[in-house]
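Undergrad: When you get a sec, could you give me coordinates for this:
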Amino acid sequence: MAVNLQDSDTPLTVDLGRTGFRTITLDTRAGDFALSVNGVPVFCRGACWTPDPVTLNASPGSLRNTLDQLCSAGMNMLRVGGAMVYESDEFLEACDAHGILLWQDFMFANMAYPEEDAAFTTTVRAEARQQLDRLAAHPCLAILCGNSEGEQQAAMWGAPRESWSPKLFYEVLPELARTHRPDVPYWPSSAHGGAFPHQGNIGTTSYYGVGAYLRPLEDARRAEVRFASECLAFANVPQPQTLARIPGGEKLRSHHPAWKARTPRDLGAGWDFDDVRDYYLKHLFGHNPLDLRYGDHDRYLTLSRVVTGEVMAATFAEWRRKRSTCRGALIWFWRDLWCGAGWGVIDALGSPKAAYHYLRRALQPLAIFMSDEGGNGLFVHIANERPQLIECKLELTLYRDGETVVGSATRAIKVPARDTLEIAAVELFEGFLDLSYAYRFRPAAQNLVSAVLRDATGAALTEAFYFDLRRMADSRTELGLEAVGSARSDGGFDLKITTRSFAQSVWIEAEGFTSEEDYFHLAPKAEKTVTLRPDPGGKTHALRGRVHALNTLASAKIGICNDPVAR
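TA: Predicted structure coming up:
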């Protein structure tokens, strides 16, 4: 942006750089935590940021790439937590340019500070003023937060209530925030509100009901979370090429000390986040993790990659429903600090893990979900966060044995701008259908339901599937999976994947290439074209590899299309 100044003699142009205008408001009435930008309510979703572990400041090119990944995943917020570092000017400029909202903690975390020490308080004021002045020109800044889990830690350690609200975070920092950034809401602590600071249904919380506290998936609804400033921490298993970088290499097993040294854990706990992941693996897929590790370690790793993505996607589906109380949630972490099964949904090499791909579908502005509402049946939820009304067709298809169509229905629908629809799936059919198999009067007529939104041309806008994770994954049948690549002018390939039967959690293995989409479901007799891009800085590779699905033993070898017309 530039300003042109004109007087009688010499015109003057002043470069203002990148400038943004926005109004941020925060509604905390009745225990809510609802952020609006320019008067528009925003469902905030994203991740807690992790700095470069060596330099603490990533290069501008690296920042652009990782924020491109963030935006591609449908995320709109990053939190720089109080246990990290203040980020660089380049980071702030990248957030501005990408339209990413920034939740900024002051650098205090998890402990009591000597606020009665005048010298200490003086240094705090100086540091806060410096950072607030540096942040002044950045429209990305959306929340200023006093600390990370300071109140929660005090409460959990049994400290008296008066110590939960120290003057440092209730007087000193908010006064400075009002003076230097009056346009940005201030919040005392990342977990704050309710009878205790981390009460989920009032204010903000570190939500680990689904996760570290081993609650069932329905706890995401039962907890009535308002805003999760961090959530859904799992030891997310990366792809084999990243595991090969752990000391011990590709032959390393998940129980080995070299693996465990890189598994995140809470200090002093008798468990780690591998154990948390294993808990959900057992409950969602019905396999004892110990038996899998003992007898089929590769299958154990595959299910481990998939299960955390399934849990995250299911949780966000709950939180984006029409009747949900949730206004936002931030994954703990964005990126691993070193190679291993860390908290990040991006690994230490910058490659997406399976969980990232699940989130990438669940967090788009236009998304569709299905939920089992018990005796009320199967429901379809359509979220439209775009500023325009969407006119489309909802198409439901019922399959038996993951292949044979036993029912279908369509309905023309209008999804209002920035709204969410909730539709009982059986409304689209004549008569009663036990789509979620709640009543069990007779054997289920179907074992798979697909829901697709199609535009006026018939193209799919977004889709979702409802099925029994456990039974489908264990079927291990031959699916008729095929994959053919066509060369692109940029050195990549378009990979066309087809299947005869439903393919669960399809992923692509192609050395030297990264797939733009992975771990997706493919409907019976469907096809999908996925772009494979050459790895940056890597050697030139011919396309070789295989396409896998969770519910088959027979992977598909990638073929090459030599027909120039087909390209």
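
Undergrad: Pop the domain breakdown of the protein in here.
TA: Here the domain assignment for the chain is 41-199, 201-342, 367-467, 475-560, based on automatic domain parsing.

Undergrad: how far away is the residue nearest in space to the middle of the chain from S501?
TA: Closest to where the C-alpha atoms of the chain average out (C-alpha atoms, centre = their mean) is L359, at 4.1 Å. Noted for L359: a distance of 26 Å to S501, by C-beta to C-beta, to the nearest Å. (C-beta placed from N, C-alpha, C; glycine too.)

Undergrad: quick revisit: so which of the domains of the chain gets nearest T28?
TA: domain 201-342 (7.2 Å; C-beta to C-beta).

Undergrad: Next, the distance between the ends of that closest one.
TA: 28 Å (C-alpha to C-alpha, to the nearest Å).

Undergrad: From the chain's centroid, how far away is it?
TA: Taking C-alpha atoms, centre = their mean, to the nearest Å, the mean C-alpha location of domain 201-342 is offset from the chain mean by 12 Å.

Undergrad: Quick check: which element contains the closest residue in space to A159 that isn't next to it in sequence?
TA: Leaving aside its sequence neighbours, A159 sits nearest to A112 (C-beta to C-beta, 6 or more residues apart in numbering; 7.8 Å). Per DSSP states H and E: A112 is located in neither a helix nor a strand.

Undergrad: my guess is A112 meets W164, correct?
TA: No. Using C-beta atoms under 8 Å, A112 makes no contact with W164, being 10.2 Å away.

Undergrad: Give me the more crowded residue out of the two.
TA: Shown here are A112 and W164; by other C-beta atoms under 10 Å, W164 has more neighbours (20 against 14).

Undergrad: Quick check: phi and psi on the more buried one?
TA: phi -70, psi -20 (degrees, to the nearest 10).

Undergrad: how close does it sit to T122?
TA: 24 Å.

Undergrad: and if you look at T540?
TA: Applying C-beta to C-beta, the value for T540 to T122 is 59 Å.

Undergrad: So for those two, which sits in the more crowded spot?
TA: Shown here are T540 and T122; by other C-beta under 10 Å, T122 has more neighbours (10 against 7).

Undergrad: I'd assumed the more buried one was in a strand, is it?
TA: No. Read with DSSP: H, G, I helix; E, B strand; the rest coil, T122 is helix and lies in no strand.

Undergrad: what ranges do the helices span in this structure?
TA: Shown for the chain, the helices assigned by DSSP state H span residues 60-72, 89-98, 118-135, 150-156, 167, 173-180, 219-222, 240-243, 257-260, 273-285, 289-295, 297-319, 354-362, 469-475.

Undergrad: can you tell which of those is closest to T10?
TA: The nearest among these, by C-beta to C-beta, is helix 89-98 at 31.0 Å.

Undergrad: Return the distance of the closest one from the chain's centre.
TA: 20 Å.

Undergrad: can you pull the buried residues of that helix?
TA: By neighbour count on 16 or more other C-beta atoms under 10 Å, the buried set for helix 89-98 is E90, F91, L92, E93, A94, C95, D96, H98.

Undergrad: Kindly report the same for stretch 210-223.
TA: V210, G211, A212, L217, D219, A220, R221, A223.

Undergrad: Repeat that for stretch 236-245.
TA: By neighbour count with 16+ other C-beta under 10 Å, stretch 236-245 contains the buried residues N236, V237, P238, Q239, T242, L243, R245.

Undergrad: again with stretch 45-57
TA: R45, G46, A47, C48, W49, T50, P51, D52, N57.

Undergrad: ok so, going back, need the overlap of contacts for A112 and W164.
TA: Residues touching both A112 and W164 by C-beta atoms under 8 Å, 6 or more residues apart in numbering: A154.

Undergrad: nearest spatial neighbour of G512, skipping sequence neighbours?
TA: Per C-beta to C-beta, 6+ apart, closest to G512 is H541, 3.1 Å.

Undergrad: burial of the one you found, as a residue count?
TA: Neighbours around H541, by other C-beta under 10 Å: 14.

Undergrad: need the contact list for F108.
TA: F108 is in contact with G82, G146, N147, S148, G150, L168, F169, counting by C-beta under 8 Å, 6+ apart.

Undergrad: coming back round to it: quick check: the residue nearest to G512 touching F493?
TA: No. At 10.2 Å, H541 does not count as touching F493 under the criterion of C-beta under 8 Å.

Undergrad: Residues in contact with both of these two, list them for me.
TA: By C-beta under 8 Å, 6+ apart, H541 and F493 have these common neighbours: F513.
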